[in-house]
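In: next come a sequence and a model predicted from it.
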Amino acid sequence: MKLFIYLSLSICLFTACKKSEKLPPIDNAIDLDGTMINDSSLTHPEKFLLSVANPSPTVLDKSKPVFIAVHGFTATTFEWLEFKNFVKNNGNALISVILLGGHGRDYSDFKKATWEDWQAPIIMEYNALRALGYTNISLIGSSTGCPLLLEALSADKLNTDVLKNVIFIDPIIVPSTKILTLISAVGPALGYSESSMEKGENGFWYRFRPYQALEQLNNITQLMRKRLEDGITLPKNVSLTVYKAKKDGAADPISAALLYNGITNKENLKVTIINSELHVFTRLKGRNEITANDLEIQNKVFNEILPTL
Amino acid sequence: MKLVASFICVLFSVITMAQDSIKPTLELGIRSQKYTGFYTVNGITAEYRFVKSSSKLPFGVGMNMTFSKLGSAFNSNALSVNHYDAFFAYYFRSSKKLSPTVRIDAGYERTNLGDYLEGLGYHNKAFIMGLEVGVSYKLPSNLRVIATGGYNFLVVNNAASLGSSVYPVFGQISLVYNLKK
């Protein structure tokens, strides 16, 4: 009898979990998750991707330093807008801003995409620029963009002969919410989670995070933790600069220590801890409050990055 | 701090009560603990269990010392994590071969961030309290195996910490040998 009760309870619990795949209350008029708002790079790729904007670069263009900027989980090209403008106004460099696969579209696209799908546009743009003859390429990533870049480097997915610098802003190797490791167990019952968003961020970040996407985030961060344990050796010609905010509600600052320990050729590595509590402190646009210190840090880091090319 | 004091008081009371009429028996062994999605730490465990005549009382107190250098950080680039805790265990059906157990742990974890980051003044130390639920199973030859799943419900990092390497959910397995049987 006891066995029967346990079995019945287990089956009820299991079916209850399976049926909780509910859709979030998306507001199509204002949420990026809906079907009406998409990232601008989908309709105007020439404004974001250098390979589309200039398919026939001159010899001078090819010798210019090029940044490929990669945003983080749930974000869009908006995350790198300020840096894009900074590069255009302050230097002789060029910039290509990537939209990760599954991002900037709608909830169902996000739910279906794997981390390999997120990563694919980075590799495509790098290969396209290399094929066009650019000889001085740098990759700059924020948050989840960083493990995606590191994975591509450590799995030899990029021919690094024209790659010079890799820059990480608040890389997520260990999430601040460590309970993420249980997402596969609790996700089906959870369905999705809602992120708190500031008013100016609405329409530029997904508001709802399906558990399938959180699972992908867990998979890529866990994979990179394992690879860092085994040791990652950067290509000889490539330097890695890591900027990590001292306090961060999304990417645990211990991520900087894991990167420092896990990269075997320390001569190619520089880690800087930033006195900030903002996740991706280089993006200030859309935040409710910006202090003079935030602006100073942003400007300092932008100026440090640009002359490295 | 109040929590630590309470925990020590409970342990002291149990030991004092036990010493009046009960003979303690010491078990020593090895412990392997895996944080979900993070490191494995291995080390030693010791537990005093209280015996009266031939029947066992359902209490035990002990301590664990585990190190990632004996686990994930052995011959790898993982961070060096040293974990020390004291625990109070309660055994249900303690006279049986298989007995469910509940444990409360309180301890300290020190993560070595490496010379560079420690040189910048970051030193990760955390006070941890956790709860474990699992089973204890008596084996032949004075051996006993304890398998539990645990949750660190309280993690307090020191001010000079750079984030935290303490993961909340873990599983552990211990194999202990009874020295005083």
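Out: Received the coordinates, thanks.
In: contact partners for the closest residue to B:Asn142 other than its chain neighbours?
Out: Excluding its sequence neighbours, the residue lying closest to B:Asn142 (C-beta to C-beta, 6 or more residues apart in numbering or on different chains) is B:Asn178, at 4.2 Å. All C-beta atoms are positioned from the backbone trio N, CA, C, and that covers glycine. Each residue near B:Asn178 by C-beta atoms under 8 Å, 6 or more residues apart in numbering or on different chains is listed here: B:25-27, B:142-144.
In: TSV for those, including distance to A:Ser56, secondary structure and neighbour count?
Out: As requested, these are exported to TSV (distance: C-beta to C-beta, whole Å; DSSP: H, G, I helix; E, B strand; the rest coil; neighbours: other C-beta atoms under 10 Å in any protein chain shown):
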residue	distance to A:Ser56	secondary structure	neighbour count
B:Thr25	83	strand	17
B:Leu26	80	strand	15
B:Glu27	77	strand	23
B:Asn142	81	coil	14
B:Leu143	75	strand	14
B:Arg144	75	strand	19
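In: need the residues you listed in JSON lines (columns: pLDDT and distance to A:Asn159).
Out: Compiled in JSON lines, the contacts of B:Asn178 are given as follows (pLDDT from 0 to 100; distance: C-beta to C-beta, whole Å):
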{"residue": "B:Thr25", "pLDDT": "84", "distance to A:Asn159": "65"}
{"residue": "B:Leu26", "pLDDT": "91", "distance to A:Asn159": "62"}
{"residue": "B:Glu27", "pLDDT": "94", "distance to A:Asn159": "58"}
{"residue": "B:Asn142", "pLDDT": "89", "distance to A:Asn159": "61"}
{"residue": "B:Leu143", "pLDDT": "94", "distance to A:Asn159": "56"}
{"residue": "B:Arg144", "pLDDT": "93", "distance to A:Asn159": "57"}
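In: ok, of those, which one's closest to chain A?
Out: Proximity of the contacts of B:Asn178 to chain A was ranked by C-beta to the nearest C-beta; the top entry is B:Arg144 with 26.9 Å.
In: wait, the closest one sits on B:Leu179?
Out: No. Contact between B:Arg144 and B:Leu179 fails when scored by C-beta atoms under 8 Å: they sit 11.9 Å apart.
In: any common contacting residues for these two?
Out: Listed as contacting both B:Arg144 and B:Leu179 by C-beta under 8 Å, 6+ apart are B:Glu27.
In: so what does A:Val93 have for phi and psi?
Out: Heads up, residue A:93 is Ala, not Val. Backbone geometry at A:Ala93, expressed as degrees, to the nearest 10, gives phi -100, psi 170.
In: measure the residue lying closest to it once chain neighbours are set aside to A:Gln212 for me?
Out: If the residues on either side of it in the chain are set aside, A:Ala93 comes closest to A:Pro65, at 4.3 Å by C-beta to C-beta, 6+ apart. With distances taken as C-beta to C-beta, to the nearest Å, A:Pro65 is found 37 Å from A:Gln212.
In: cool, A:Ser56 as well?
Out: When distance is defined by C-beta to C-beta, A:Ser56 is 41 Å away from A:Gln212.
In: same check, this time on A:Met124
Out: 23 Å.
In: B:Leu154 and B:Gly107 touch, don't they?
Out: No. With the criterion set as C-beta under 8 Å, B:Leu154 and B:Gly107 do not qualify as a contacting pair; they are 10.8 Å apart.
In: retrieve the pLDDT associated with B:Phe170.
Out: Turning to B:Phe170, the model gives it a pLDDT of 96.
In: let me see the ranges of the strands in the chain.
Out: Reading this off chain A. Listed in chain order, the strands of chain A (DSSP state E) span residues A:66-70, A:94-98, A:137-142, A:163-169, A:192-194, A:208-210, A:239-245, A:269-274.
In: nope, chain B please
Out: In order along the chain, chain B carries the following strands (DSSP E): B:23-35, B:40-52, B:55-67, B:80-91, B:98-112, B:124-139, B:143-157, B:169-178.
In: which one of those lies closest to A:Ala185?
Out: strand B:169-178 (9.6 Å; C-beta to C-beta).
In: next one, pLDDT for the closest residue in space to B:Leu154 that isn't next to it in sequence please.
Out: Once its chain neighbours are removed from consideration, B:Leu154 has its nearest residue in B:Met129; the separation is 4.1 Å (C-beta to C-beta, 6+ apart). At B:Met129 the predicted local distance difference test score is 97.
In: from chain A, how far out is B:Met129?
Out: From B:Met129 across to chain A, the span is 16 Å (C-beta to the nearest C-beta, to the nearest Å).
In: and what of B:Lys180?
Out: Using C-beta to the nearest C-beta, we find B:Lys180 at a distance of 38 Å from chain A.
In: quick one: the residue lying closest to that residue once chain neighbours are set aside and A:Val52, what's the gap?
Out: Excluding its sequence neighbours, the residue lying closest to B:Lys180 (C-beta to C-beta, 6+ apart) is B:Thr25, at 4.4 Å. Between B:Thr25 and A:Val52 the distance, using C-beta to C-beta, works out to 75 Å.
In: before we move on, what about B:Ser174?
Out: 60 Å.
In: who has more neighbours, the two?
Out: Neighbours around B:Ser174 and A:Val52, counted as other C-beta atoms under 10 Å in any protein chain shown, are more numerous at B:Ser174. The numbers are 23 against 15.
In: would you confirm that the more buried one contacts B:Val145?
Out: Yes. Using C-beta under 8 Å as the test, B:Ser174 is close enough to B:Val145 to be in contact (7.0 Å).
In: mind listing the shared neighbours of these two?
Out: Joint contacts of B:Ser174 and B:Val145 (C-beta under 8 Å, 6+ apart) do not exist.
In: for residue 120, which non-adjacent residue is spatially closest?
Out: No chain specified, so I'll use chain A. Leaving aside its sequence neighbours, A:Ala120 is closest to A:Gly101 (5.1 Å, by C-beta to C-beta, 6+ apart).
In: try again with chain B
Out: B:Leu120 sits nearest to A:Ile273 (C-beta to C-beta, 6+ apart), 6.4 Å away.
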